[in-house]
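Engineer: Could you look at this predicted model? Sequence included:
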Amino acid sequence: KDARLALDFFIWTGKQREYRHDSISYTIIIQILGEAKEYKCIWQLLHGMRKDNCLITESTFAVMLKCFGQDGAVEEVAKTLKYMRTINCAPSAYVYNNLLNSLMKSSYFTMAQECFQEMLNTGCSPNTVTFNTLFSGFCKAGRMADALRIHSKMKSMGYVPDVVTYNILMNYFCRVGKLDKSYKLLEEMDGTGCAPSLVTFNILIAGFCRADKFEQAAKLPNEMIKRGCIPNAITYNTLIGALCSRADRFRDTHLIFDIILKKGCCPDASSIKISGSYKAGMWSQVGKMLEQMAEMHVAPDSSTYCILIKGLCRVGKVDEAFRILSMMTKINFLPDYISYSLLVDGFCKRGRFDNAIHLVHEMVGVGYIPEVSMYTSLIDGLCKAHQLDQALEVLTEMLKNNFMPDIFTYNALLNGLCIMGETEKAFELLMVMEEDGCAPDTVSYNTLISGLCRLSRLDEAEKVFMEMSERGCCPDVVSYRTMLDAYVKANRLGDVLKCIDNMLCSNCFPDAVMFTILIDYFLKVGKIEKFYDILDKVEGTGCATDNVTITTVFDNLTKSGRFDIAEKISSKLSKLA
């Protein structure tokens, strides 16, 4: 990491008795210096190699050109190529390919084309790797005109596209959604005698899955087998992942679980049999994939299990997901961080905090460091379950592990304190947030306002509302709705009207809930004309409502038997749509 220190050590070792640097050690230090952009030192070392009669190989130059190419150092590249010729070490296709690869990866496309042209001009014959390097770089960058020009050049020079060339083009077509063209390349490959590889089919399967064309993707493993190309874990993981990403497809999860556990981690074909009732019914296609994996003697890998865990968590099958995770650890497969994270979140949402906390400790035990978001998920769940003391214990553990709470953590704690009626502590927490450099946001203030209103401390809620605006935190529809609801419950008509006026002046538009609160209130106090006045004011602001709001208000009125005004109010609201 410290290039200068590495160079000092290199110089020191070179002075030791009975030791002499060779081309390999020179090349290593040149690479270190190149990555640190110490170009002057590189040239000094190169001259030192000649002075020490140390053989300078093309590998040394390839490393130099790779470093220069990554940085787009045009002059250094030209200088290196020229120097190679002066010492009768003409750049080979290997050297040019390394240079072109680094230039394309760093998006120096113009420079890459110039180097390719120089390669041709100096009589250095390109090979298939040369063309594929350029072709791949242009395709990844979406520069198809350049890519096709290289492809045409390749054919005109008598080079036949190989499986890598086809894979590059196929991958591009899949990425841009041109799956028909991608599939037609398979036919073209057959015509040229170029056999598709495992990678070829995996690219196609991934393309169909991304485009939500699972049926076409699911047919490809059979086609692979017919062609003598055996699917691997990546093939099946892609298909299973596509199934698990869609809750409407991910059915009969207990069946999947039975299949995957039938013979431990790697079921064999003879032991996995789907019962007749499932065969006749709507049993999971994931089960089919696992069966086929067993028949092909392809063992599910860590990714297979992690995909299943994520899919099960998405459809609420947390226990099944946890059992798969437990099985993974028993057979020395390490679940990934996301699997743990989803399970922790799933347990929290179901109020199973002991399970969630146990999982967090297990994660730490296997080397994962829980992120702030995971601690926040735990704290939020505990607060909502009125387990404030445990939430504070998690916060203590979080701080002990040197994780600072973020705005979401603080808001979860604020909510927990307000739910428990601990508004004084909520005010203290607001001060702690500011001391920690975490400015309260709209959610923070809304939570505190709501907590105060629930305790009928309306005057204090008003002060927080005013402070919110003064601190540059704009009240939103939730802020106004909370205050409006409190004013209505306190029968403070003047404040209700003032709240609506302030809201409209702030370009904040009432939602269906607010309209319903207002209609109910004005009907109760016999002042429905006030609501019509509000609608006129809303119309004057140029604000617009939506069909959901209109329908909701209309339904609420008709359910209450107020057919007399439902039509009139809906008609007025429709004018604002």
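Structural biologist: Received it, and whenever you're ready, just let me know what you need. Residues are numbered from 1 along each chain as shown.
Engineer: for the stretch 351-500 of the chain, what spans make up the helices?
Structural biologist: Secondary structure of the stretch 351-500 of the chain (DSSP state H, counting those that start in this stretch): helices at 353-365, 372-384, 388-400, 407-419, 423-435, 442-454, 458-470, 477-489, 493-505.
Engineer: what's the spacing between the third one and its chain's center?
Structural biologist: The reference is to helix 388-400. With C-alpha atoms, centre = their mean, to the nearest Å as the basis, helix 388-400 stands 28 Å off its chain's centre.
Engineer: Mind checking the pLDDT average for that helix?
Structural biologist: Computed over helix 388-400, the mean pLDDT rounds to 89.
Engineer: circling back: including distance to Ile150 and mean neighbour count, could the helices of the stretch 351-500 of the chain go into CSV?
Structural biologist: All C-beta atoms are positioned from the backbone trio N, CA, C, and that covers glycine. Listed next are the helices of the stretch 351-500 of the chain as CSV, based on distance: least, C-beta to C-beta, whole Å; neighbours: other C-beta atoms under 10 Å:
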stretch, distance to Ile150, mean neighbour count
helix 353-365, 47, 17
helix 372-384, 45, 23
helix 388-400, 54, 16
helix 407-419, 49, 23
helix 423-435, 57, 15
helix 442-454, 53, 22
helix 458-470, 60, 16
helix 477-489, 55, 21
helix 493-505, 61, 16
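Engineer: now the ones you listed as JSON lines including distance to Ile30?
Structural biologist: Shown next, in JSON lines, are the helices of the stretch 351-500 of the chain (distance: least, C-beta to C-beta, whole Å):
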{"stretch": "helix 353-365", "distance to Ile30": "42"}
{"stretch": "helix 372-384", "distance to Ile30": "42"}
{"stretch": "helix 388-400", "distance to Ile30": "46"}
{"stretch": "helix 407-419", "distance to Ile30": "48"}
{"stretch": "helix 423-435", "distance to Ile30": "51"}
{"stretch": "helix 442-454", "distance to Ile30": "55"}
{"stretch": "helix 458-470", "distance to Ile30": "60"}
{"stretch": "helix 477-489", "distance to Ile30": "61"}
{"stretch": "helix 493-505", "distance to Ile30": "68"}
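Engineer: nearest to Lys79, of these?
Structural biologist: Across the helices of the stretch 351-500 of the chain, Lys79 has its closest neighbour in helix 372-384 (49.0 Å, C-beta to C-beta).
Engineer: by how many degrees do the closest one and helix 353-365 diverge?
Structural biologist: 160 degrees (axes from the mean of the first three to the mean of the last three C-alpha atoms, to 10 degrees).
Engineer: Can I get helix 372-384 in PDB, CA atoms only?
Structural biologist: Output of helix 372-384 as PDB, limited to C-alpha atoms (Å, rounded to 0.1, in the frame of the first residue of the first chain):
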ATOM      1  CA  VAL A 372     -26.900   0.100  11.900                       C
ATOM      2  CA  SER A 373     -30.000  -0.800   9.800                       C
ATOM      3  CA  MET A 374     -30.100  -4.200  11.500                       C
ATOM      4  CA  TYR A 375     -29.900  -2.700  15.000                       C
ATOM      5  CA  THR A 376     -32.600  -0.200  14.000                       C
ATOM      6  CA  SER A 377     -34.900  -3.000  12.800                       C
ATOM      7  CA  LEU A 378     -34.600  -4.700  16.200                       C
ATOM      8  CA  ILE A 379     -35.100  -1.400  18.100                       C
ATOM      9  CA  ASP A 380     -38.100  -0.500  16.000                       C
ATOM     10  CA  GLY A 381     -39.800  -3.800  16.500                       C
ATOM     11  CA  LEU A 382     -39.200  -3.800  20.200                       C
ATOM     12  CA  CYS A 383     -40.500  -0.300  20.500                       C
ATOM     13  CA  LYS A 384     -43.700  -1.100  18.600                       C
END
